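Asker: coordinates only, sequence not included:
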């Protein structure tokens, strides 16, 4: 460990190990066969035992280390004592070794807001589409997503018993992104990734207006941003209010770190302050390059539909 790591570096180092712990919980619940599924607002909005245990683990672990953090989690859970075996006390040493970007060196705990999606892609999780599943921990300061951790609990699961299961990627503005190989869609091909289970006419009209060469429909906001940075897609287009701040904070930080952009369908940034509404009500548009092109292609009918929500 370097002499005395900046507070924000310690938060990110904890978020990394906490995300790995949550990923292990997600795997364990799946292997138990007892998913404990409940519907929150309908068949496309599910919660499982893994969602509940992973959020308890993340929030309690971070709160124990950093009691002044503001932590906002997706699941509305009753206040209760969290079992000790859900608490992660470690911090990622390789993150503590890195120098903190100058602009963040003096940040205090109480200035940070942490947005937590303990299991992004819950519906896909229940259906066995495990490569769609992520654990998301985003860290915001001054309304901006400044750092993010994404754990993929089932990364490599299709490669057989010999493959290492799971991985964690992370990024921080001014520092870089780690844990994956940045790639881009070859040539000038436009490949749009969009929702698998929350589509409607407005969503499909918007995707069509981008004149894509190909469309990929998968679950999970975290998964879609990973597709962008690994060169499987050139834009994530979701013209719907279905996405929330805990879906986009961590992915946005990592995307911005490698030069990408995430906005609403009008091209406006989202704020991640503690008091903002949780819904990304004007949709999500994310790209690695050519963001203005995609914003310019959004039909007026789509913008009108989102404005009326």
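Answerer: Right, received. Where do you want to start? Only a predicted model underlies this, so the values are computations on that prediction, with no experimental measurement involved.
Asker: now the helices for the stretch 51-200 of the chain?
Answerer: Secondary structure of the stretch 51-200 of the chain (DSSP state H, counting those that start in this stretch): helices at 93-96, 122-127.
Asker: now those helices as a markdown table including mean pLDDT, distance to residue 84 and mean neighbour count?
Answerer: For glycine as for every other residue, the C-beta is placed from the backbone atoms N, C-alpha and C. A markdown table is the format used below for the helices of the stretch 51-200 of the chain (pLDDT from 0 to 100; distance: least, CB to CB, whole Å; neighbours: other CB atoms under 10 Å):
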| stretch | mean pLDDT | distance to residue 84 | mean neighbour count |
| --- | --- | --- | --- |
| helix 93-96 | 97 | 23 | 15 |
| helix 122-127 | 91 | 26 | 20 |
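Asker: Below-threshold pLDDT in the stretch 151-300 of the chain: ranges please.
Answerer: Applying pLDDT under 70 to the stretch 151-300 of the chain flags the ranges 160-163.
Asker: before we move on, back to that, generate JSON lines for the helices of the stretch 51-200 of the chain, with distance to residue 192 as supplementary columns.
Answerer: Putting the helices of the stretch 51-200 of the chain into JSON lines (distance: least, CB to CB, whole Å) gives the following:
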{"stretch": "helix 93-96", "distance to residue 192": "33"}
{"stretch": "helix 122-127", "distance to residue 192": "19"}
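Asker: so which of those helices comes closest to residue 275?
Answerer: helix 122-127 (26.1 Å; CB to CB).
Asker: and the closest one, how far out from the chain's middle?
Answerer: In terms of CA atoms, centre = their mean, to the nearest Å, the centre of helix 122-127 is set 16 Å apart from its chain centre.
Asker: So what touches that helix?
Answerer: Helix 122-127 is contacted from outside by 26, 30, 35, 37, 44, 46-48, 50-51, 119, 130, 132-133, 196-197, 218-220, using CB atoms under 8 Å, 6 or more residues apart in numbering.
Asker: Buried subset of those as a ChimeraX selection?
Answerer: This is the ChimeraX syntax for the buried subset of these, where burial follows 16 or more other CB atoms under 10 Å:
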select :26,30,35,46,47,48,50,51,119,130,132,133,196,197,218,219,220
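Asker: Mind checking which of the contacts of helix 122-127 are in strands?
Answerer: 46-47, 119, 218 (DSSP state E).
Asker: List the buried residues of the biggest helix by length in the chain.
Answerer: For the chain, the helix that runs over the most residues, judged by DSSP state H, is helix 7-32. Under the neighbour-count criterion of 16+ other CB under 10 Å, helix 7-32 has 7-27, 29-30 buried.
Asker: and stretch 210-222, how far apart are its ends?
Answerer: Distance between the two ends of stretch 210-222: 21 Å, counting by CA to CA, to the nearest Å.
Asker: Give the buried residues for that stretch.
Answerer: Neighbour-count burial for stretch 210-222 [16+ other CB under 10 Å]: 210, 212, 215, 218-222.
Asker: Format the residues you listed as JSON lines; extra columns: distance to residue 186.
Answerer: Listed next are the buried residues of stretch 210-222 as JSON lines, based on distance: CB to CB, whole Å:
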{"residue": "210", "distance to residue 186": "18"}
{"residue": "212", "distance to residue 186": "15"}
{"residue": "215", "distance to residue 186": "17"}
{"residue": "218", "distance to residue 186": "20"}
{"residue": "219", "distance to residue 186": "25"}
{"residue": "220", "distance to residue 186": "24"}
{"residue": "221", "distance to residue 186": "24"}
{"residue": "222", "distance to residue 186": "24"}
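Asker: Widest-spaced pair of the ones in strands among the contacts of helix 122-127?
Answerer: Greatest spatial distance in the ones in strands among the contacts of helix 122-127: 47 and 218, 20.2 Å, computed using CB to CB.
Asker: pLDDT weak spots in the stretch 1-150 of the chain?
Answerer: Answering for the stretch 1-150 of the chain: the residues below the bar, that is pLDDT under 70, span 1-3, 40-45, 78.
Asker: quick one, what contacts the nearest residue to residue 66 once chain neighbours are set aside?
Answerer: Closest residue to residue 66 apart from its sequence neighbours, by CB to CB, 6 or more residues apart in numbering: residue 109 at 5.0 Å. Counting by CB under 8 Å, 6+ apart, residue 109 touches 7, 11, 66-69.
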